[in-house]
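**Q** Have a look; sequence and predicted model below, questions after that.
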Amino acid sequence: MPAVLDNGNITWYAVAESDQVFAQLSEELTSFIGPSYSAFVTESPVDYRKSTQAKALASRFGRRVLSFEANCPEDQLQIKKALTLYRNLLVSRPAITTRTRRPFGQIRSDFDRALLAGNELGAKGFLEELKSTGRVDAGQQKCLEVRLHSGLGQFEVMARNEHLIKSVAELSLPSQTLIDVVSALYETHIRPIESDSDIGSIVEVFKKRLIKPFGGALFRDRKGIRNPSVLKAFLLWELCRDVPNLRKARLIFDDYASKSDGWGLVKDWLAQLGVKPQLPTKLNSTPDYSSLAQQAIVDEDYESLYEYSLKLLPDIKGYKFLLRSVSELASFKKTGEVLKLVDEASSEVSENFEPKDLERIEILKRFDVTETKYDHRNGWVWWAESILKGLPLADAKAALVKEVSHWSIDDYTGDPAKCDRLAQLIVGADDNASRVFRESFPEMVAFFVEQPVKPQRTFTPLYSNLVKMLVFCGTLSADELEISSLLALTLLSSGPTVDEYSECLRDMSEILTANRTVMHLDWALNFAELLALHPAQDSGSLRISFFVDVISLVSSAYHRVSSFQRDILEQLANDYGCSDLIERLPGADSEEGNSAEIKNGSFDGFIGIYTLTEGAGHRAKYLLESSYPNARVEVNSDHEATDRLTNLAKKADVFIFAWKSSKHQAFFCVKNARSSKSLIMPIGKGSASIVRSASQCIETM
C-alpha cells in the first residue's frame, strides 16, 4: 500500500495476517525490491510512531507491518514495476494441492479445542481452513459462525445479530446450532426478567424479541433437546400461540430435569396453559391420523408424526411415517422401537417398502449395534459401554453428535454413582476404546466442564480423567495446554480429596515436562500463579515442586525470558517462599532487559483490566505500573454488567478482557462500550497472559 507524501515521495507499507505469511512476505519483498531500489531491511519492522498510517496499520496487524522507500526519486518507478511483477506472479501462483490439506475431522477438532481454550483468533483461523476444504456449504458456514460466537461465550453479541439468526432460522438446523441460537436469545432477553416479571410480561417480551423478528421458524422442532434454556423457550412459544399444543408442553415438562434450576418456574408456566385442547375431530368419529401425520410433516413436527404414525399401524403408511420420524428425531430409544416393529411387520408390508424406506432402515440399523439398554438419563454411560463392546470410532462419534443434545447435565450433578461408573469405563478402556474417548474429548469437556455453572464435586473423577487424556497425548498445542489448566483448576475448585489433588498436580507436572519449552512459559507461569491462589490439599509440596520445574525451564533458556516473565517469576518465588532459587539463575541483567524490551515506557495512558481472578488482576496491575510508571491501571472484577465496568471500558486506552475467568453477561456490555476501540482478549487468565497482551498493544501505539 503506497502512501504519497507532500514532497511527492512514496512510502510503501506491507502487512500480513500471520507470522508465517509475514516471514514469507519479507523474503519475497527482499527478492523483488531491496537492496537494488530501496534500503529495505526485513529485520527492522516499521516504526509505529513514524506516521498516522503506520499507527493505523499497527492497530490492525500488530508487528506484522513493513515499510520501505526508494533510494532516490528515480527508483520509485522501478519499485512500482517490481511490485506489479510481484503481484502478477502472486495472482498466477497455483493453489496448494489438496494432498497437503489436513483431514476435515482434524481441523474441526482443532476448531472445537480453540473454542474451549478461548482462542478467538485461532478459532477463526480454523474456521477459514474448514471453509477452504470445499466441504462446507453456505448454510453450514452460518452454523459454524453461530458455534464460534456461542463457543466464545458471545451470547449477547449473537442474540443481537438478527441477520445471522435470520440466515439460519429457515434451515434444518443441527441440534447444536439450535441450542446455540435459542439459548443465546433466551439468556439475553428472557433470563434477566424470568424471576422478576409476571408471565404476561415475559410472554410480551418473548413475542417482541423472538417471535416478531424471527417468526416461529426456530420452534418448529425441538429435536429432543433437553437444554434448560431451550426447553423454557419452547414452552414460552406454546404460551404465545393462539392454540397451544398441550401434548408438546407436557413433553417439555417431562424432559425438564426436576433437579435443574427453573423446574418450579416451568411447572408454573405449564399451569398457565389450562385445559388440554381437543384434536380437530368430527363428532363421534375417529381422528384422521393420516391427515394429521401429513400436516406434522409440513410443520416439521416429528414428535407428533411419531405419535400419529403409531395410530396408523398396521397400515403401511404408519411404517413409512415412523421411519421418516425417527430419521429426523435422532432418538436411539425410538429407533430401536421402530426397527423392532419393522422386523415384526407382515410380509405384505415389508414387500411394499420403497427404495427410500429400505435405505432409511439400513441407516437406522447402523446405530442399533449394542444390546445395552438405552435411556437418555443414562446417556454417557450407555455410550461408553457401547464403545467397550466394540462400537467403531465413526459410529461412536456419530452416535455422540446425534444423542448428546438429549442428555441433561442435571442427570449427573446429583448422581455420584453414575459419574464414578463413567470414569471407571474411561479408565478401563483398551487402546481402541481410548482412541474413541480421546477423539470425543471436546464434547466431554463442553458437557461436564463448560456447561455447569460451577464445578461439581460429583464430577471430580471425570475432571481427573480428562486431564489424563491430555497427559497421554504427550506434546500438546497451545490450546490444549490452556484446556489442561481449565480442567485442573476446575478440579481444584470442586473440593477434591488429598489423593485427587495430588494426582492432578502430578499429571500437570507430566504435561509441563512433555512440553518443556520457553514458548510455553506464559502458560506455566499462569498455572503456577493460579495454583498459589488455591488452597493446597497436601502440605503444599506438590505445587512447590511444579514451581521448581518452572524455574528449571527458565534456567535452561534465561536469555530468552522477557522482563515481564522475570518479574512474575520473582513475585511467585515470594509467594512460594523460595526467593533464593531465583538468585541462583544465570546472570542476565534484568534492568538491561527491561530497557531493551519496553520501547514505549513513557506511555501515560489508561489501562483497564477485567478479570474475575482478582489475584492475577492485581499482580498484573503491579507489573504494568512498574513498567509504565506514567500510566494509570485499574482492575475490575464485577460479576455483572455494572456502570463501573461500562465506564472503565469506555475510558481505557487499553482494555484487557480476561474472558475465560469472566461472566458472559459482562462481554456485551464491554464490547458495546468499547465501540470502535480494540478489545484485547488474552487466551490465559493469569497475569503473564494479561501483561503480555497489554504490553504488545502498548508497543504498537
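**A** Perfect, thanks for sending it. This structure is a prediction, so every number in the text was calculated from the model and none was measured. Numbering: from 1, shown residues only.
**Q** Where do the domain boundaries of the protein fall?
**A** Split into domains by automatic domain parsing, the chain comes to 2-96, 169-271, 289-366, 408-593, 598-699.
**Q** so which of those comes closest to F104?
**A** Of all the domains of the chain, domain 408-593 sits nearest to F104, with 13.5 Å by CB to CB. For the C-beta atoms, the positions are set from N, CA and C on the backbone; glycine is no exception.
**Q** Among the domains of the chain, show me which one is buried the most.
**A** When you average the neighbours per residue for each of the domains of the chain (mean count of other CB atoms under 10 Å), domain 598-699 leads with a mean of 20.
**Q** any idea how far that domain is from the chain center?
**A** Taking CA atoms, centre = their mean, to the nearest Å, one finds domain 598-699 lying 21 Å from the centre of the chain it belongs to.
**Q** what do you get for stretch 390-404?
**A** Distance, centroid of stretch 390-404 to centroid of chain: 21 Å (CA atoms, centre = their mean).
**Q** and that stretch, which residues are buried?
**A** 391, 395-397, 399-400, 402-404 (16 or more other CB atoms under 10 Å).
**Q** Where helices are concerned, which of those residues count?
**A** 395-397, 399-400, 402-403 (DSSP state H).
**Q** now these as JSON lines including pLDDT?
**A** JSON lines is the format used below for these (pLDDT from 0 to 100):
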{"residue": "D395", "pLDDT": "79"}
{"residue": "A396", "pLDDT": "84"}
{"residue": "K397", "pLDDT": "84"}
{"residue": "A399", "pLDDT": "83"}
{"residue": "L400", "pLDDT": "89"}
{"residue": "K402", "pLDDT": "82"}
{"residue": "E403", "pLDDT": "85"}
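**Q** hmm, who's touching stretch 94-113?
**A** By CB atoms under 8 Å, 6 or more residues apart in numbering, the list of residues contacting stretch 94-113 from outside reads 122-123, 126-127, 129-130, 132-133, 135, 144, 151, 439, 442-443, 446, 477, 479-480, 483.
**Q** any chance you could map the helices in the stretch 1-150 of the chain?
**A** With DSSP state H, counting those that start in this stretch, the ranges of helices along the stretch 1-150 of the chain come out as 19-32, 52-61, 75-92, 104-117, 120-132, 138-151.
**Q** Ok, the stretch 251-400 of the chain next?
**A** Under DSSP H, counting those that start in this stretch, the stretch 251-400 of the chain gives helices at 263-271, 289-298, 302-312, 316-329, 332-344, 347-350, 355-366, 379-388, 393-403.
**Q** how much does the second one deviate in direction from helix 302-312?
**A** Inter-element angle recorded for helix 289-298 and helix 302-312: 160 degrees (by axes from the mean of the first three to the mean of the last three CA atoms, to 10 degrees).
**Q** about what we covered before: which one of the helices of the stretch 1-150 of the chain lies closest to D507?
**A** Judging these by CB to CB, what sits closest to D507 is helix 104-117, at 17.9 Å.
**Q** Just the angle for the closest one relative to helix 138-151, thanks.
**A** Angle, helix 104-117 to helix 138-151, by the same axes, to 10 degrees: 30 degrees.
**Q** Send over helix 104-117 as CSV, restricted to the C-alpha atoms.
**A** Taking Å, rounded to 0.1, in the frame of the first residue of the first chain, the C-alpha atoms of helix 104-117 are listed here in CSV:
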residue,chain,number,x,y,z
PHE,A,104,-11.5,-32.3,7.8
GLY,A,105,-12.2,-34.0,11.1
GLN,A,106,-8.8,-32.9,12.5
ILE,A,107,-9.5,-29.3,11.5
ARG,A,108,-12.9,-29.4,13.1
SER,A,109,-11.4,-30.9,16.3
ASP,A,110,-8.8,-28.1,16.4
PHE,A,111,-11.7,-25.6,15.9
ASP,A,112,-13.6,-27.1,18.9
ARG,A,113,-10.4,-27.1,21.1
ALA,A,114,-9.7,-23.4,20.2
LEU,A,115,-13.2,-22.5,21.4
LEU,A,116,-12.7,-24.4,24.6
ALA,A,117,-9.4,-22.6,25.2
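**Q** before we move on, the earlier item: any chance of the buried residues of stretch 390-404 in a markdown table, plus distance to A293?
**A** Listed next are those as a markdown table, based on distance: CB to CB, whole Å:
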| residue | distance to A293 |
| --- | --- |
| L391 | 33 |
| D395 | 30 |
| A396 | 33 |
| K397 | 32 |
| A399 | 27 |
| L400 | 30 |
| K402 | 23 |
| E403 | 25 |
| V404 | 28 |
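**Q** Out of these, the closest to F472 would be?
**A** Distance to F472 across those (CB to CB) is lowest for A396, with 18.0 Å.
**Q** any idea how far Y13 is from A58?
**A** From A58 across to Y13, the span is 10 Å (CB to CB, to the nearest Å).
**Q** my bad, K650
**A** 31 Å.
**Q** before we move on, what about S59?
**A** Separation of S59 from Y13 (CB to CB): 13 Å.
**Q** So which of the domains of the chain is nearest E162?
**A** domain 169-271 (5.5 Å).
**Q** end to end, how far does that closest one reach?
**A** 29 Å (CA to CA, to the nearest Å).
**Q** Please compute how far it lies from its chain's middle.
**A** The answer for domain 169-271 is 23 Å, by CA atoms, centre = their mean.
**Q** mean confidence score for that domain?
**A** Here domain 169-271 scores 90 as its mean pLDDT.
**Q** got the contact list for the closest residue to P496 other than its chain neighbours?
**A** Closest residue in space to P496, ignoring its immediate chain neighbours: T460 at 5.4 Å, by CB to CB, 6 or more residues apart in numbering. Neighbouring residues of T460 by CB under 8 Å, 6+ apart: 491, 494-496, 500.
**Q** now G428
**A** L388.
**Q** What of R435?
**A** Neighbouring residues of R435 by CB under 8 Å, 6+ apart: L393.
**Q** can you tell me how far it sits from V467?
**A** Using CB to CB, we find R435 at a distance of 18 Å from V467.
**Q** Mind jotting down where the strands sit in this protein?
**A** 2-4, 10-15, 65-69, 606-610, 632-636, 654-657 (DSSP state E).
**Q** Using a markdown table, lay out those together with mean pLDDT and distance to T642.
**A** Formatted as a markdown table, these follow (pLDDT from 0 to 100; distance: least, CB to CB, whole Å):
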| stretch | mean pLDDT | distance to T642 |
| --- | --- | --- |
| strand 2-4 | 84 | 43 |
| strand 10-15 | 86 | 38 |
| strand 65-69 | 83 | 37 |
| strand 606-610 | 95 | 11 |
| strand 632-636 | 94 | 8 |
| strand 654-657 | 93 | 15 |
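**Q** Distance to E27 added to those strands, as TSV?
**A** Below are these laid out as TSV (distance: least, CB to CB, whole Å):
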stretch	distance to E27
strand 2-4	21
strand 10-15	12
strand 65-69	11
strand 606-610	36
strand 632-636	39
strand 654-657	32
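**Q** among these, which is nearest E156?
**A** Closest among the strands of the chain, using CB to CB: strand 654-657, at 13.7 Å.
**Q** Just the CA atoms of the closest one, as CSV, please.
**A** Output of strand 654-657 as CSV, limited to C-alpha atoms (Å, rounded to 0.1, in the frame of the first residue of the first chain):
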residue,chain,number,x,y,z
VAL,A,654,-6.0,-0.2,26.5
PHE,A,655,-8.6,-2.7,27.8
ILE,A,656,-7.8,-6.3,28.7
PHE,A,657,-10.8,-8.7,29.0
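**Q** That strand packs against which elements?
**A** strand 606-610, helix 664-674, helix 687-699 (3 or more CB pairs under 8 Å, 6 or more residues apart in numbering; DSSP states H and E).
**Q** Roughly how far does L393 sit from A399?
**A** Counting by CB to CB - L393 and A399 are separated by 11 Å.
**Q** just I551 next, same as before
**A** For I551, the distance to A399 (CB to CB) stands at 46 Å.
**Q** Helices of the stretch 551-700 of the chain, start to end?
**A** Ranges of helices within the stretch 551-700 of the chain are 563-576, 579-583, 590-597, 614-627, 643-651, 664-674, 687-699, based on DSSP H, counting those that start in this stretch.
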